[in-house]
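> let me see the structure of the following:
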Amino acid sequence: MQSTPPQHPNVQAVQDALESAGALDGSGESCRIRMLPDAVHTAVAAAAALGVEVGQIANSLIFDADGDPLLVLTSGAHRVDTEKVADAIGAAEVRRAAPEFVREHTGQPIGGVAPLGHPKPVRTLVDTTLRRYDEIWAAGGIPHAVFPTTYAQLVRITAGTPADVA
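Predicted coordinates:
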C-alpha cells in the first residue's frame with residue numbers, strides 16, 4: 001500500500017473534505033487517503049488488499065429513496081435491507097441507484113464512492129454494526145483509494161444517522 005499525495009480530482013475532493021472536517025483515523029492522527037496498487041470494487045477485495053476483516057470495510061452504497069439520493073454506509077459483512085431502510089426514513093421505496101444517479105449525486109464511480117467529498121451533502125445512514133471495530137476503512141473517491149477511520153468519526157464527518165440497516 002502506497003501513501004502518496006492524492007492526484008485524481010475525486011481523491012483530492014475527499015482528502016479536502018476530510019481535512020475540512022478535522023477527520024481522524026483510529027490512532028488519532030489526521031485521516032490520509034491511501035492508494036492501493038489495484039482497484040478494489042468490493043468489500044471482499046478491499047479487505048483482502050488491506051489485510052482486515054470484511055466487516056471493517058464501510059461500503060458506501062447510494063440508493064434512490066423516492067427519487068432522492070440516500071447514502072448507506074454499511075459493513076462489508078452484510079447486505080442492506082431496503083425495506084427496513086425505507087421504513088426507517090419514511091420512504092415509500094428505497095432501491096439501488098443506477099450508475100448515472102450515483103455519479104450525478106456523488107461525482108464518484110460505483111466501487112469508489114466515498115462517504116464525503118460530494119458536490120452537495122447526501123442524506124446518510126451509518127450501519128451500527130461498524131461500531132464493533134476500532135478501525136474501519138472507507139473508499140476515497142475512486143476504486144484505488146481508501147482511508148482509515150473510526151465509527152464515531154464516520155458518523156461525525158458525514159453528519160450521518162446511526163441505523164440498523166441489515
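
> what's the following helix or strand after the host helix or strand of residue 14?
Per DSSP states H and E, residue 14 falls inside helix 9-21. Counting by DSSP H and E, the next helix or strand C-terminal to helix 9-21 is strand 34-35.

> other SSEs contacting that following strand?
Contact analysis of strand 34-35 by 3 or more C-beta pairs under 8 Å, 6 or more residues apart in numbering; DSSP states H and E lists strand 145-149 as its packing neighbours. Every residue, glycine included, has its C-beta placed from N, CA and C.

> follow-up on the earlier one: what angle sits between the helix holding residue 14 and strand 145-149?
20 degrees (axes from the mean of the first three to the mean of the last three C-alpha atoms, to 10 degrees).

> quick check: mean pLDDT of helix 9-21?
Averaging pLDDT along helix 9-21 gives 95.

> next, residue 85: secondary structure please.
What DSSP: H, G, I helix; E, B strand; the rest coil gives for residue 85 is helix.

> which residues of this protein score low on pLDDT?
Under the criterion pLDDT under 70, the flagged ranges of the chain are 1-6.

> check contacts around the closest residue to residue 117 other than its chain neighbours.
Spatial nearest neighbour of residue 117, chain neighbours left out: residue 14 (3.6 Å); criterion: C-beta to C-beta, 6 or more residues apart in numbering. With contact set as C-beta atoms under 8 Å, 6 or more residues apart in numbering, residue 14 has these partners: 6, 33, 114, 116, 117, 140, 141, 145, 147.

> could you redo the last one with a cut-off of 6 Å?
Residues near residue 14 by C-beta atoms under 6 Å, 6 or more residues apart in numbering: 114, 117, 140, 141.

> the third one and residue 113 touch, don't they?
No - under the contact definition of C-beta atoms under 6 Å, residue 140 does not touch residue 113, with a separation of 9.7 Å.

> who has more neighbours, the two?
Per other C-beta atoms under 10 Å, whichever of residue 140 and residue 113 has more neighbours is residue 140, with 32 against 29.

> list the contacts of the residue nearest to the more buried one when sequence neighbours are not counted.
When the adjacent residues along the chain are set aside, residue 140 lies closest to residue 33, with 4.2 Å between them (C-beta to C-beta, 6+ apart). Counting by C-beta under 6 Å, 6+ apart, residue 33 touches 6, 11, 15, 140, 145, 147.

> fine, thanks again, bye for now.
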